[in-house]
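Asker: prediction below, plus the sequence it came from.
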Amino acid sequence: MNNNLIKKIAVVGPESTGKSTVAKFLAAHFNTVCVPEYARYYCEGLDRQYTLQDEVNMYHGQRALEDASHALVQNDFMICDTTILTVKIWCDHLFGGTPKEVTDEIQRRKYDFYLLMDIDLPWEDDPLRDFPQEREHFMAVWEKELTTLGAPYTIISGIGDERLEAALRYFKTMLL
């Protein structure tokens with residue numbers, strides 16, 4: 001399949017908003033590829049606080065996973081459980097800025113649409129999550145970043161099956 005014809009759908013948002021659950025659900029429902037979040041694998045192996053270089057490493061890993069996943073697509077689209085835009089958001093927040101190679105790639109790497117997960121889910125503790133008290137802040141950051149990119153997105157809300165059904169309904173309208 002021609003990589004340029006593959007639609008890329010990104011599932012993004014603040015921590016503990018059901019991104020992975022929704023991304024896996026949609027991929028399973030439509031029998032397509034779900035590109036996992038590289039940062040989760042990367043950070044599971046860290047025994048220290050991550051650095052700016054770690055963020056750059058996660059950027060390269062996410063890009064590589066996404067690029068390699070193109071070869072596995074059997075239909076017209078793939079689901080991305082986050083994007084490299086996450087690296088920018090964390091770099092800006094933690095280190096006061098983002099390396100140019102990341103921001104340049106964000107401008108080049110396009111997605112057909114984004115599902116922005118709302119912060120209406122209860123927080124679930126996880127050793128890889130850092131800011132339960134700043135969910136509203138990060139939701140606003142995501143909206144600002146997507147708007148700045150001119151990215152087509154919708155906010156997906158709801159608890160449990162409601163959230164999955166909302167994502168599925170919106171996804172189907174985007175495919176038509």
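Answerer: Arrived safely.
Asker: need the contact partners of the lowest-mean-pLDDT helix or strand in the chain.
Answerer: Ranked by mean pLDDT, DSSP states H and E, the weakest helix or strand in the chain is helix 38-44, scoring a mean of 87. By C-beta atoms under 8 Å, 6 or more residues apart in numbering, the residues outside helix 38-44 that reach it are 50, 54, 57-58, 61-62, 64-65, 82, 86-87, 128. C-betas here are computed from N, CA, C, even on glycine.
Asker: buried ones in the helix of greatest length in the chain?
Answerer: Using DSSP state H, we find that the single longest helix of the chain is helix 52-69. Within helix 52-69, the residues that count as buried by 16 or more other C-beta atoms under 10 Å are 54-63, 65-66, 69.
Asker: specify which member of those is nearest to D76.
Answerer: Comparing the buried residues of helix 52-69 against D76 with C-beta to C-beta picks out S69 as the nearest, at 14.0 Å.
Asker: and the closest one, what does it touch?
Answerer: 33, 35, 78.
Asker: inside strands: which ones of those?
Answerer: 35, 78 (DSSP state E).
Asker: could you dump the contacts of S69 to JSON lines with pLDDT and neighbour count?
Answerer: Below are the contacts of S69 laid out as JSON lines (pLDDT from 0 to 100; neighbours: other C-beta atoms under 10 Å):
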{"residue": "V33", "pLDDT": "94", "neighbour count": "21"}
{"residue": "V35", "pLDDT": "96", "neighbour count": "24"}
{"residue": "M78", "pLDDT": "94", "neighbour count": "22"}
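Asker: would you map the helices across this protein?
Answerer: Shown for the chain, the helices assigned by DSSP H span residues 19-29, 38-44, 52-69, 85-95, 100-108, 135-149, 161-175.
Asker: who wins for proximity to L116 among those helices?
Answerer: Judging the helices of the chain by C-beta to C-beta, what sits closest to L116 is helix 135-149, at 5.7 Å.
Asker: buried residues in that closest one?
Answerer: For helix 135-149, the buried set under the neighbour-count rule, 16+ other C-beta under 10 Å, comprises 135, 138-139, 141-142, 145-146.
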